[in-house]
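> need a structure here:
(chains A, B, C and D)
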There are 4 protein chains.
Amino acid sequence: MEPSAAALESIRAINATAAFNRWCGLEVVDAQPGSVTIAMPWRDEVGQYSGFLHAGLVGALIDTACGFAAVTLVGRVLASHYAVNCLRPAVGRRFVARARVVKPGKSQVFTACELYAEDTEGEKLVATGETLLLVVPGTAGA
Amino acid sequence: MEPSAAALESIRAINATAAFNRWCGLEVVDAQPGSVTIAMPWRDEVGQYSGFLHAGLVGALIDTACGFAAVTLVGRVLASHYAVNCLRPAVGRRFVARARVVKPGKSQVFTACELYAEDTEGEKLVATGETLLLVVPGTAGA
Amino acid sequence: MEPSAAALESIRAINATAAFNRWCGLEVVDAQPGSVTIAMPWRDEVGQYSGFLHAGLVGALIDTACGFAAVTLVGRVLASHYAVNCLRPAVGRRFVARARVVKPGKSQVFTACELYAEDTEGEKLVATGETLLLVVPGTAGA
Amino acid sequence: MEPSAAALESIRAINATAAFNRWCGLEVVDAQPGSVTIAMPWRDEVGQYSGFLHAGLVGALIDTACGFAAVTLVGRVLASHYAVNCLRPAVGRRFVARARVVKPGKSQVFTACELYAEDTEGEKLVATGETLLLVVPGTAGA
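Now for the predicted structure:
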């Protein structure tokens, strides 16, 4: 199997085991060694007061995509720190998070992500974020 | 009505209008001018791969509590930036986020939050975070 | 004067007025509307315990470059929040920070930056960072 | 020697070996297991355009105090990530950073810090920040 096909299969398997990801309807669109794209459809339950995507879910998409990107290069990881920039109200029919590894390492992995809102007019950058992940000891060579 | 009773009523009303907060079962436990406590019960759907609270929901609780704390002092707000430190696996029967305003302002509000996991043995600090909010123009005096 | 020549002249003038920037030997290498590159030579006084560039100066370079990038598009700004990822020990003869505006706005500007260390073997990415700046009211149209 | 006297001696020794700290005139005021206070006098060379303390030095003080606080509990550390909130213009005769360990660990340490500006009228909180540090392998028991 090609590296990207193997990465996609592996990330999809992990995604299927996380209850919250299933509730969100998270889909793994693409996975390459070092980068992953995930998507989530809009529905009313993911909204905040004004009908925008809840900022907590903006962060959940970014953190999840970053974690998946890390997993394509190292073993198991746990998020230590993540940060989210809300650039614009997150309004759309579907949200796409594209994450990449900025710097892999034996003990920690630095990642970054852009979140786009899709609409009839195309896609728009609505948020950026980054996650610093700790490699779970003993899994680094996986 | 006392300031804290008015704050509690006002924050509970806002909480009730956010679809995602209702799905989470978010409850506003306390509200004072400048600080708010919210809580969310554990259930399987909020978990990630290992059965811990999903890091995205860790952030959602922190960001929501911070926003509520800001609203007790200024008008309407939108989160610009938030950051989350995952100190320990978030495992418990119930999660309690305590947020406070660090510095209010006319155009922006700095807030900080601690997230605790409750268990039969008591509560444990599992995450910290902070949110920088922009005051929606024209609402600052509210 | 072309936009980039005007931007360069303007940013160099601001750089010359900041005492700490002069002490650092900060040089404005390039300025375009929305992006700025600055550089600083290594010298012993900018080191920490191990002879790496002090993490505080890593942040100072990132924050300064981000602020300059913002100023090319809006009026006067003040940093509200900045964050720094130290990817590798910052060791080199010269440090180059390349910042760009991610999202300009009337009240706040989101920026991002990469910091490179230059050596005889070329340049290496040693840190990334981001700054959220508040536009000083009344200067936005400048 | 008492733990706090030993911590103070040890942190002062480290502070003396960092060239940039010496240039800044950084003084270690207090050190306890898990918390450290440092101070720096104002002088013109630490200013930015408006005569406030340069935001880069705001971060340098926070990052340095956080690193020292970590060192009182674990072995050698390197900053992975730090973030700075600039609450108010940093204007004063002297700046005092008080850092504490939020969560120590074998591989990483979470810290937080407040920065105060001292004046004839007392001290004022001007910035907050946090640093996530990686413990240098093989030094954790030190």
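> and the gap between the nearest residue to residue A:135 once chain neighbours are set aside and residue C:50?
Closest residue to residue A:135 apart from its sequence neighbours, by CB to CB, 6 or more residues apart in numbering or on different chains: residue A:74 at 5.1 Å. (Glycine included, C-beta is placed from N, CA and C.) The spacing between residue A:74 and residue C:50, counted by CB to CB, to the nearest Å, is 26 Å.
> So what does residue A:61 look like in phi/psi?
Note on residue A:61: backbone dihedrals following degrees, to the nearest 10 are phi -70, psi -40.
> That one touches residue A:115, doesn't it?
Yes - here residue A:61 reaches residue A:115: they are 5.8 Å apart, a contact under CB atoms under 8 Å.
> Identify the contacts common to these two.
Jointly contacting residue A:61 and residue A:115 under the rule CB atoms under 8 Å, 6 or more residues apart in numbering or on different chains are A:95, A:97.
> Residue A:112 is in contact with residue A:130, isn't it?
Yes - counting by CB under 8 Å, residue A:112 touches residue A:130, with 4.7 Å between them.
> Can you name the helix or strand that the residue nearest the centre of chain A falls in?
The centroid of chain A falls nearest to residue A:65 when counting by CA atoms, centre = their mean (1.4 Å). If you go by DSSP states H and E, residue A:65 is part of helix A:55-71.
> touching chain D at all, that helix?
No - judged by CB under 8 Å from any CB of the partner chain, helix A:55-71 and chain D are separated, with a smallest distance of 13.4 Å.
> Mind jotting down where the helices sit in chain A?
Using DSSP state H, the helices assigned to chain A run over residues A:3-17, A:19-24, A:55-71.
> Serialize these to CSV and add fields for distance to residue C:125.
Below are the helices of chain A laid out as CSV (distance: least, CB to CB, whole Å):
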stretch, distance to residue C:125
helix A:3-17, 23
helix A:19-24, 31
helix A:55-71, 17
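> out of those helices, nearest to residue A:103?
When the helices of chain A are compared by CB to CB, helix A:55-71 sits nearest residue A:103, at 10.5 Å.
> Please identify the most buried of the helices of chain A.
Neighbour counts (mean count of other CB atoms under 10 Å in any protein chain shown) averaged over each of those peak at helix A:55-71, with a mean of 29.
> Close to chain D: what parts of chain A are there?
Proximity of chain A to chain D is confined to A:80-81, A:83, A:107-108, A:132, A:134, A:137 under the rule CB under 8 Å from any CB.
> quick one: which of residue A:74 and residue C:50 has more around it?
When residue A:74 and residue C:50 are compared for neighbours, residue A:74 comes out ahead with 21 against 11, by other CB atoms under 10 Å in any protein chain shown.
> what about the more buried one, distance to chain C?
According to CB to the nearest CB, to the nearest Å, residue A:74 stands 15 Å off from chain C.
> now the strand ranked longest in chain A: mean pLDDT?
The strand spanning the most residues in chain A, taking DSSP state E as the definition, is strand A:122-135. Mean pLDDT, strand A:122-135: 97.
> elements contacting that strand?
With contacts taken as 3 or more CB pairs under 8 Å, 6 or more residues apart in numbering or on different chains; DSSP states H and E, strand A:122-135 sits against helix A:55-71, strand A:77-86, strand A:94-103, strand A:108-119, strand C:77-86, strand C:122-135.
> what's the most buried one of these?
Highest mean neighbour count among the helices and strands packed on strand A:122-135 (mean count of other CB under 10 Å): helix A:55-71, a mean of 29.
> per-residue pLDDT, residue A:67?
In this model, residue A:67 is scored at 97, pLDDT.
> show me the residues around it that make contact.
Shown in contact with residue A:67 (CB under 8 Å, 6+ apart): A:77, A:79, A:111, A:131, A:133, B:55.
> Select, from the residues you listed, the two members most distant in space.
Distance extremes for the contacts of residue A:67: the farthest pair is A:111 and B:55 at 12.8 Å, using CB to CB.
> just to revisit the earlier point, pull the distance from the longest strand of chain A to the chain's centre.
Here the centre of strand A:122-135 is set off from its chain's centre by 7 Å, with CA atoms, centre = their mean, to the nearest Å.
> Verify the stated contact: residue A:53 with residue A:42.
Yes - applying CB under 8 Å, one finds residue A:53 in contact with residue A:42, separated by 7.1 Å.
> Between these two, which contacts overlap?
A:92, A:95.
> quick one, which of these two is more surrounded?
Between residue A:53 and residue A:42, counted using other CB under 10 Å, residue A:53 has the larger neighbour count: 25 against 19.
> measure that one to residue B:97 for me?
20 Å.
> do the same with residue A:125
Look at residue A:125 and residue B:97: by CB to CB, they are 28 Å apart.
> any common contacting residues for residue A:112 and residue A:130?
Contact criterion CB under 8 Å, 6+ apart; residues shared by residue A:112 and residue A:130: A:66, A:102, C:128.
> From chain B, how far off is the first one?
In this view, residue A:66 and chain B are 10 Å apart by CB to the nearest CB.
> pretty sure that residue contacts residue A:130?
Yes - under the criterion of CB under 8 Å, residue A:66 makes contact with residue A:130 at 7.1 Å.
> Quick check: neighbours shared by the two?
Each of A:82, A:111-113 lies in contact with both residue A:66 and residue A:130 under the rule CB under 8 Å, 6+ apart.
> and the two most separated of these?
For the shared contacts of residue A:66 and residue A:130, the farthest-apart pair by CB to CB is A:82 and A:112; their separation is 10.4 Å.
> joint contacts of these two?
The contact sets of residue A:82 and residue A:112 overlap at A:66, A:129-130 (CB under 8 Å, 6+ apart).
> Flag the shaky bits of chain A, pLDDT-wise.
For chain A, applying pLDDT under 70 flags the ranges A:140-142.
> repeat that with 90
A:1-4, A:47-51, A:75, A:137-142 (pLDDT under 90).
> Would you mind naming what in it lies close to chain B?
Counting by CB under 8 Å from any CB, chain A sits next to chain B at A:14, A:17-21, A:23, A:44-49, A:54-57, A:59-61, A:63-64, A:67, A:78-86, A:89.
> how does it look with 6 Å?
A:17-20, A:23, A:44-49, A:54-56, A:59-60, A:63, A:79-86 (CB under 6 Å from any CB of the partner chain).
> gap between stretch A:92-104 and the chain center?
Per CA atoms, centre = their mean, the centroid offset for stretch A:92-104 relative to its chain is 5 Å.
> Is chain C within reach of it?
Yes - using CB under 6 Å from any CB, stretch A:92-104 comes into contact with chain C via residue A:103.
> Identify the residues contacting that stretch?
By CB atoms under 6 Å, 6 or more residues apart in numbering or on different chains, the residues outside stretch A:92-104 that reach it are A:34-42, A:61-62, A:65-66, A:69, A:73-74, A:110-119, C:87.
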